[in-house]
Structure formats: C-alpha cells, structure tokens
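Chemist: The following comprises the amino acid sequence and a computationally predicted model.
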Amino acid sequence: MIGVVGGGQLARMLVQAAAQRDVPIAVQTSDPADPAAGLASRLVAADPRDVAGTRELVVGCDGITFERSEEHTSEL
C-alpha cells in the first residue's frame, strides 16, 4: 500500500492509476468530500499537516508521498 498525504486532484489521479495496477492507496485528508477520499482503499481522517495523522497513515504502507510540497516536512 502507498500512503498519500493530501486528498485533492493529484491524489485522485494517483489513486485511479494505482487501481489499474491493483495497488492499494491510503489517503490522509480531513475532508471526506476531497476528490481522492472516496476512491482510496483506506482513509485517514486527519488534516494533512497533522503529524499524528501521518503516523497513522504510514501504518501498513510500503511508502508515502505528498500531494503538495508545503506539508510538514520539518517533522519528518
């Protein structure tokens, strides 16, 4: 599983491409109406800047990526 911090259009395109390859995607977003939220294999309901949410996201993921570059990189 790949984790994505953020649930916007870019994340949605990643989820769609991954689904064609049978790769599950977990998405971390605070808004269940975000474009990628409904398509993800797993949803972590937390703001993308929420470090505790990202800690939850990484559980079970082989890697993570960020939808945007201005996320909480100092905490990584």
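Modeler: That came in fine, so what should we check first? Numbering: from 1, shown residues only.

Chemist: When you work out contacts or count neighbours from here on, use the C-alpha atoms and nothing else.
Modeler: Will do.

Chemist: Neighbours of residue 56, how many?
Modeler: Using other Cα atoms under 10 Å, residue 56 has 14 other residues around it.

Chemist: Touching, it and residue 44? I think so.
Modeler: Yes. With contact defined as Cα atoms under 8 Å, residue 56 counts as touching residue 44 (7.2 Å).

Chemist: Residue 53: helix or strand, and which one exactly?
Modeler: Assigned by DSSP states H and E, residue 53 falls within helix 51-58.

Chemist: Extract the CA atoms of that helix and return them as PDB.
Modeler: As requested, the backbone C-alpha atoms of helix 51-58 are provided in PDB (Å, rounded to 0.1, in the frame of the first residue of the first chain):
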ATOM      1  CA  VAL A  51       1.700  14.700  12.400                       C
ATOM      2  CA  ALA A  52      -0.300  12.200  14.400                       C
ATOM      3  CA  GLY A  53      -2.500  11.600  11.300                       C
ATOM      4  CA  THR A  54       0.600  10.900   9.200                       C
ATOM      5  CA  ARG A  55       1.900   8.500  11.800                       C
ATOM      6  CA  GLU A  56      -1.400   6.600  11.500                       C
ATOM      7  CA  LEU A  57      -1.200   6.800   7.700                       C
ATOM      8  CA  VAL A  58       2.200   5.100   7.500                       C
END
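
Chemist: Surely residue 22 is within a helix?
Modeler: No. Counting by DSSP: H, G, I helix; E, B strand; the rest coil, residue 22 falls outside a helix, being coil.
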